[in-house]
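1. with the sequence up front, the predicted model follows.
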Amino acid sequence: MVTLAEVAQHAGVSASTVSYVLSGKRSISAGTRQRVERSIRELGYHPNAGARALASSRSNIIALMVPLRTDMYVPVMMEIAIAVATTARPHGYDVVLLTGEEGPDAVRRVTGSGLADAMILMDVELEDERLPLLRHTDQPSVLIGLPAETTGLTCVDLDFTATGTLCVQHLAGLGHRDIAVIGEAPAVYERHTGFAERTLDGLRSTARELGLRLLHRPCEGGYDAMALTLSRIFDERPGTSGFVVQNESAIEPLLALLRQWGRAVPEDVSVVAICPDQVAAQASVRLTSVAIPAQEMGRRAVEHLVAKLDGRGKDEVVLLGPELTVRASTGPAPAA
């Protein structure tokens, strides 16, 4: 088993410096901290959790709140959770996963029990009921998501407003004038979930600026729900030639139905997806897409939380810029 002294020797520092990096009791320069953390990772050092907790009055645990709802795409949520866990471990923290839909009660349980030193919250709503409690506790926290009001909070998220803008701009540049948005399940919008609402804001505002017609239809996903949604779209807007999909479970049903209805992709209609790269690249038609940077969001959230725990962090909003990858699903709008 690797010892603290071996970490100190590998990093070229004293054992007390390694201890201070782990405990956060003293301010350590960024360069020294990075060198020690690199040695911890390379040697595979695992601090004794019980000893650290007694010495520092900390549990050395981060609570990650991930309500696993049936209307959310669980693989993305779990990819973020895995990134949180794997990033936290080299910093000396373990992660406890809270998956129930407890809302404020879960925050009270964590802050009142000493279960964890800090919290990361996911599935953030614009008017999230958990936020007043976070603002009135000394326990550090980070949100993976963006509420309507961010004062007094640290948030990490993809810039979903810019994501919506990027999708519309791409289709508009190809000459598409009628665009339909296949959205998340209705319950996601009913909760005013931040990522969905902000994407829609970006889509709508950009469509107005460019003089495009945009139709938004939530969809439960699955073949039957997609068939009803698509039929409704073409009934209301027969000239629709561009689709933006923000619902992973609707992607393959949409592509299958377009084939059945004799609408070729991308010759007749173009499709842009907001989804993980793996989903886009493995679809039956390789999809032009904006990726969800799940691992980056999880990693950034932990780094900001550790900085807060060490007394180095400050409240801020970190928005990751969207990147659109053009694949086989988009092309010029068909001639009128």
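-> Received, thanks. Residues are numbered from 1 along each chain as shown.

2. how far away from the center of its chain is the helix or strand in which residue 164 is found?
-> In the assignment (DSSP states H and E), residue 164 maps to helix 160-173. Its chain's C-alpha centre and that of helix 160-173 lie 18 Å apart, by C-alpha atoms, centre = their mean, to the nearest Å.

3. hey, what's the angle from the very next helix or strand once past it to helix 160-173? Just curious.
-> Moving toward the C-terminus from helix 160-173, the next helix or strand (DSSP H and E) is strand 178-183. Between strand 178-183 and helix 160-173, the angle comes out at 150 degrees (axes from the mean of the first three to the mean of the last three C-alpha atoms, to 10 degrees).

4. need the contact partners of strand 178-183.
-> With C-beta atoms under 8 Å, 6 or more residues apart in numbering as the test, strand 178-183 has contacts from 168, 171, 189, 196, 200, 203, 207, 212-219, 226, 229, 233, 237, 239-247, 250, 254. Placement of C-beta: from N, CA and C, glycine included.

5. returning to what we had before: can you tell me which helices and strands the helix holding residue 164 packs against?
-> Counting contacts by 3 or more C-beta pairs under 8 Å, 6 or more residues apart in numbering; DSSP states H and E, helix 160-173 packs against helix 194-210, strand 242-245, strand 270-274, strand 288-290, strand 324-325.

6. for the ones you listed, which one sits closest to residue 94?
-> Nearest of the helices and strands packed on helix 160-173 to residue 94, taken as C-beta to C-beta: helix 194-210 at 27.3 Å.

7. between the closest one and strand 178-183, how big is the angle?
-> Helix 194-210 and strand 178-183 are oriented at 170 degrees to each other (the same axes, to 10 degrees).

8. when you give positions from now on, start the count at 24
-> Sure thing, new numbering starts at 24, so read that last one as helix 217-233.

9. summarise which helices and strands helix 217-233 is packed against.
-> Helix 217-233 packs on strand 178-181, helix 183-196, strand 201-206, helix 209-213, strand 236-241, going by 3+ C-beta pairs under 8 Å, 6+ apart.

10. thought residue 245 was touching residue 272?
-> Yes - shown here, residue 245 and residue 272 form a contact pair, counting by C-beta atoms under 8 Å, at 6.3 Å.

11. after the least confident helix or strand in the chain by mean pLDDT, which helix or strand is next?
-> Across the helices and strands of the chain, mean pLDDT, DSSP states H and E gives its lowest value to helix 72-79, namely a mean of 48. Counting by DSSP H and E, the next helix or strand C-terminal to helix 72-79 is strand 84-88.

12. what residues of the next helix-or-strand element following that next one count as buried?
-> Past strand 84-88, further along toward the C-terminus, the next helix or strand under DSSP H and E is helix 97-111. Within helix 97-111, the residues scored as buried using 16 or more other C-beta atoms under 10 Å are 99-100, 102-104, 106-108, 110-111.
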